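[1] whatever this is, show me its structure:
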Amino acid sequence: MISRRLLVAVGGVGLLLVGLSALLHAQVPGADAAPKAQPNIVVILLDDTAVHDGRLWSDPALTPTLHENFVANGVHFPNAIAETPLCCPNRATLLTGLHTHNHGVKVNDVALFNPTVSLATELQASGYETMWIGKYMNHPEHLTPELWEQHAAGWSAFDIFVNPYTSAAGFFVDYTIRTKEGDLLMPEQHSTEFIGQQTVARMENADPDKPIFAVLSPVDTHLPNIPMPQFEADARCNSMQPWKPLNYNEADVSDKPAYVRSLPLVPYPEGWPMTTMCREMLGVDWMVEQVTDELARQGRLDDTLLVFTADNGMAWGAHRLELKETPYVTPVPLYFSWPSRWAPQEVEEHVSSIDLAPTLCEIGGCEMGPYQTGQRQADGVSIVPLLDGEEADLGRDALLETEYRIRPWAAVRTTALSNLGLWHYVEYQSGFRELYDLEQDPHELTNIVDDPAHADIRAALHDRLLELLAEGRPVGPATLTITLDAVPNTQDDFTFTGDLGSFTLDDDSTVALPRKRVFSGLAPGPYTVTQLPTAGWTLTALTCPPGADVDLGNGTVTVNLVSSDQVTCTFKNAGRRPDARIAVGIGAFKGDNVYATTAQKRQTQRWDGAPAGQTLDFAVGLQNDSQIVDSFTVKSVETGHAGIAVAYLVNNVDVTAQVLAGTYSVPNLSPSASVMMVVRVTVALDTPPAVKKKVVLTQRSTSVTSRIDVVRAVIAR
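    From the prediction side, this is the model:
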């Protein structure tokens, strides 16, 4: 029997046994041999890598292997995107060719992925030896033994990181590899080095009569960006200039969503540092060199398709952002290299991560689908006609982009075939919208969504987005769920009206009324639901999936349901409590505290360095913001030095005794009416320094006794 390199798990430690006789399997193709019908396919899948300008892999002095294979001899797609810029969702898309809304992996959890039909299973059935080596998906610890068997079934070799979350550096060192043969503890070997060596070992063990499909998935360039030891101080990267595109540390973000407006400038004014990532990519280049050398040694390289891409893009300082999951970071690198079939070129057509599986499946002699959901074919399309030069485009006018985890949004990116031009249109679940003219503003600096001149384009892109969000869904009735989220146990009901009729929901204090209403069996189309005003309450949030039209001010949402849609919209209400606001003297009041749904926020005003013998007034505004006629009681609790005296006055009438006793009342105050109370502080002449007094003033509603507001005055001598 011919010996090959074997991977053996012994006591949790991996041993690589090298067999020289594997050289007997070397194949030497003829110099003019035509490409095989089933080539080897090797995918280099980077982790968290921005497109930037390609400097991390385009310099032959730094990454000669990547440059030779992909830059000098590859087909480059500069307009490639990852549909969902997050690890697990887009890795599931790469393996299935399905939209995220169809494969269902919307967050970073591998247990959500159904691997029954994937690129691995279809290529394996087509005669390939299949290998995944490196990072697979996030939270592999969620894979039960049964799930592990399901995920591993499509792979001849399945060597994945299972605990890269034990520390920040766990992605690169101190990790465990789970294989179909057992677990390997690799605490002293950099993960990129392991992937290179393990792939070579797996290829040496591969059946020489079968083509290979391999995914090499290093964690480069994911944080914390740890290069292989031999490259961690490599001087070749010292000259790598920081990355500073035109939208880097964008100065004016007033037209961006709230999460961007709240960001400070990133702490690298000269540009995003690239030196460490450059050193990481030296390791990736080394890894690819090991694998291509092994393919050449076996005589396979001329019949090998190499693919270079990433699971998602990164901001690296664009618009002040650092990471991913935003509409600005969907672009990813994408190169195909098979010089015996395709000449090096750049293809401008817009392509998506949903296209990778149908493309590789066609090249390998298979077809994606049908899927376990009943969907007959992939949402993506094969780009082989582009690669072969048989077609100039894919016949698509737009691509879908989505994100579901932190701040859900959906977007449409038009292509050169759109009669509207090149646009990027984004709808957030919050209701915020963005629109960018990519021909005039490719760096997305100016959001023109509210420009009346572009109203027709905005409406057309909204409709196109809804169509893309419906792609691949099975035909059937839809379901819309309306949910109420309000402070419980107030005995208030909330009435809704609209296309679904009138109905009442409760905040759970009345058993007879539900907190949600499910409308099933709905035909596709638009449905409008409005929450009517409820005394004492304010609608503070209305959340629906992207694609819904939300009018928070009027309490209205319009949902465009598509076939088999399952949509939930949540109306969040906050009880309006009496509003106590405080100011020193005649200064500005502290912020309004009316929309509180949890324990009160305490507003505080301080008077520091209070001189002996002086008097200062604190102004406290007591306002009825409950939208109904209400009465208040006001009580104060004082602590601190007796030399600092406090008196309470309303309309120059001293009400100190009642306030301290908790019996002072403001009866029958109309909605929005207010009363001014003066908290007068007098510091006695003999008051020693370094003492203080604290006054806690509580305003309590008498109509709804659970609603209170609190302000504090602190006087430091």
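
[2] share the number of residues neighbouring residue 220, please.
    31 (other C-beta atoms under 10 Å). C-beta coordinates here come from the backbone N, C-alpha and C atoms, glycine included.

[3] over to the one 5 residues further on?
    The tally of other residues near residue 225 (other C-beta under 10 Å) stands at 17.

[4] sec struct for it, please.
    Recorded secondary structure, residue 225: coil (DSSP: H, G, I helix; E, B strand; the rest coil).

[5] what sits against it?
    Contacts for residue 225 (C-beta atoms under 8 Å, 6 or more residues apart in numbering) come out as 276, 277, 280.

[6] among those, which lie within helices?
    In helices, judged by DSSP state H, the following of the contacts of residue 225 are found: 276, 277, 280.

[7] name the nearest residue to the second one, ignoring sequence neighbours.
    What sits nearest to residue 277 in space, not counting adjacent residues and going by C-beta to C-beta, 6 or more residues apart in numbering, is residue 221, at 4.7 Å.

[8] just to revisit the earlier point, what is the nearest of the ones in helices among the contacts of residue 225 to residue 260?
    Of all the ones in helices among the contacts of residue 225, residue 260 sits closest to residue 277, with 23.5 Å by C-beta to C-beta.

[9] so that closest one is in contact with residue 56, correct?
    Yes - with contact defined as C-beta atoms under 8 Å, residue 277 and residue 56 form a contacting pair (6.1 Å).

[10] find the residues that touch each one of these two.
    Here residue 277 and residue 56 share the contacting residues residue 221, scored by C-beta under 8 Å, 6+ apart.

[11] okay, the two: which has more neighbours?
    Per other C-beta under 10 Å, whichever of residue 277 and residue 56 has more neighbours is residue 56, with 27 against 23.

[12] so who does that one touch?
    Shown in contact with residue 56 (C-beta under 8 Å, 6+ apart): 49, 63, 221, 274, 277, 278, 281.

[13] 7 Å instead?
    Contact analysis of residue 56 by C-beta atoms under 7 Å, 6 or more residues apart in numbering lists 277, 278, 281.

[14] on the three-state scheme, residue 285 is what?
    Here residue 285 is recorded as helix under three-state DSSP.

[15] now do it against residue 279, distance only.
    With distances taken as C-beta to C-beta, to the nearest Å, residue 285 is found 11 Å from residue 279.

[16] ok, the two, which is more surrounded?
    Shown here are residue 285 and residue 279; by other C-beta under 10 Å, residue 279 has more neighbours (25 against 22).

[17] pretty sure that one contacts residue 227?
    Yes - Residue 279 is within contact range of residue 227, at 3.8 Å (criterion: C-beta atoms under 7 Å).

[18] who touches both of those two?
    Residues touching both residue 279 and residue 227 (C-beta under 7 Å, 6+ apart): none.

[19] show residues contacting stretch 625-634.
    So stretch 625-634 is contacted by 535-536, 576-579, 594, 622, 624, 659, 662, 664-672, 697, 699-703, 707 (C-beta under 7 Å, 6+ apart).

[20] nearest to residue 612, of the contacts of residue 225?
    residue 276 (59.1 Å).

[21] check contacts around residue 129.
    For residue 129, the contact set (C-beta under 7 Å, 6+ apart) comprises 156, 206, 207, 210, 212.

[22] from residue 401, how far off is the first one?
    Spatial separation of residue 156 from residue 401 under the definition C-beta to C-beta is 33 Å.

[23] and the fourth one, by the same measure?
    Per C-beta to C-beta, residue 210 is found 37 Å from residue 401.

[24] the third one now?
    Shown here: residue 207 relative to residue 401, a distance of 40 Å by C-beta to C-beta.

[25] between those two, point out the one with more neighbours.
    Shown here are residue 207 and residue 401; by other C-beta under 10 Å, residue 401 has more neighbours (24 against 12).

[26] follow-up on the earlier one: in strands, which of the contacts of residue 129 fall?
    Secondary structure defined by DSSP state E assigns residue 212 of the contacts of residue 129 to strands.

[27] give me the buried subset of the contacts of residue 129.
    Neighbour-count burial (16 or more other C-beta atoms under 10 Å) applied to the contacts of residue 129 gives 156, 206, 212.

[28] save those residues as TSV, and put in pLDDT and distance to residue 712 too.
    What follows is the buried ones among the contacts of residue 129, written out as TSV (pLDDT from 0 to 100; distance: C-beta to C-beta, whole Å):
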residue	pLDDT	distance to residue 712
156	97	68
206	97	72
212	98	70
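
[29] nearest to residue 515, of the contacts of residue 56?
    In terms of C-beta to C-beta, no member of the contacts of residue 56 lies closer to residue 515 than residue 277, at 48.6 Å.

[30] show me how far the one helix or strand residue 131 maps to is from its chain's centre.
    Per DSSP states H and E: residue 131 is located in strand 129-134. Between the centre of strand 129-134 and the centre of its chain there are 27 Å (C-alpha atoms, centre = their mean, to the nearest Å).

[31] strand partners (parallel or antiparallel) of that strand?
    Here strand 129-134 is paired, per DSSP bridges, with strand 157-161 (parallel), strand 212-217 (parallel).

[32] quick check: mean pLDDT across the next helix or strand after it?
    Using DSSP H and E, the helix or strand that follows strand 129-134 in sequence is helix 145-152. For helix 145-152, mean pLDDT rounds to 95.

[33] and the angle for helix 145-152 with strand 129-134?
    Helix 145-152 runs at 120 degrees relative to strand 129-134, counting by axes from the mean of the first three to the mean of the last three C-alpha atoms, to 10 degrees.

[34] i'd like the first residue to be 848 from this point on
    Sure, I'll start numbering at 848, so the last one becomes helix 992-999.

[35] which residues does helix 992-999 contact?
    Applying C-beta under 7 Å, 6+ apart, the external contacts of helix 992-999 come out as 958, 962, 990, 1005, 1027.

[36] now the contacts of residue 1072 as JSON lines including pLDDT?
    Shown next, in JSON lines, are the contacts of residue 1072 (pLDDT from 0 to 100):
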{"residue": "1123", "pLDDT": "96"}
{"residue": "1124", "pLDDT": "96"}
{"residue": "1127", "pLDDT": "97"}
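
[37] just send these back as a markdown table, with distance to residue 1022 too.
    Below are the contacts of residue 1072 laid out as a markdown table (distance: C-beta to C-beta, whole Å):
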| residue | distance to residue 1022 |
| --- | --- |
| 1123 | 19 |
| 1124 | 20 |
| 1127 | 16 |
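
[38] nearest to residue 1253 among those?
    residue 1124 (24.0 Å).

[39] I'd assumed residue 1069 was in contact with the closest one.
    No - shown here, residue 1124 and residue 1069 do not form a contact pair, counting by C-beta under 7 Å, at 10.1 Å.

[40] give me the most central residue, the chain.
    residue 1172 (3.1 Å; C-alpha atoms, centre = their mean).

[41] before we move on, what SS does that residue have?
    Look at residue 1172: counting by three-state DSSP, its state is coil.

[42] contacts only, for it.
    Per C-beta under 7 Å, 6+ apart, neighbours of residue 1172: 932, 933, 1250, 1252, 1253.

[43] for residue 1049, same thing?
    Residues in contact with residue 1049 (C-beta under 7 Å, 6+ apart) are 978, 980, 1004.

[44] would you mark the buried spots in stretch 1061-1077?
    1061-1069, 1072-1075.

[45] for these, work out which two are farthest apart.
    Spatial extent of the buried residues of stretch 1061-1077 (C-beta to C-beta) is set by the pair 1061 and 1072 at 24.7 Å.

[46] what about the strands in the stretch 848-997 of the chain?
    In the stretch 848-997 of the chain, the strands defined using DSSP state E, counting those that start in this stretch lie at 853-857, 860-864, 887-893, 922-923, 927-928, 976-981.

[47] now residue 1363: phi and psi?
    Note on residue 1363: backbone dihedrals following degrees, to the nearest 10 are phi -140, psi 160.

[48] which residue is the nearest non-sequential neighbour of it?
    The shortest distance from residue 1363 to any non-neighbouring residue, by C-beta to C-beta, 6+ apart, is to residue 1330 (4.2 Å).

[49] give me the neighbour count for that neighbour.
    Residues near residue 1330, counting by other C-beta under 10 Å, number 16.
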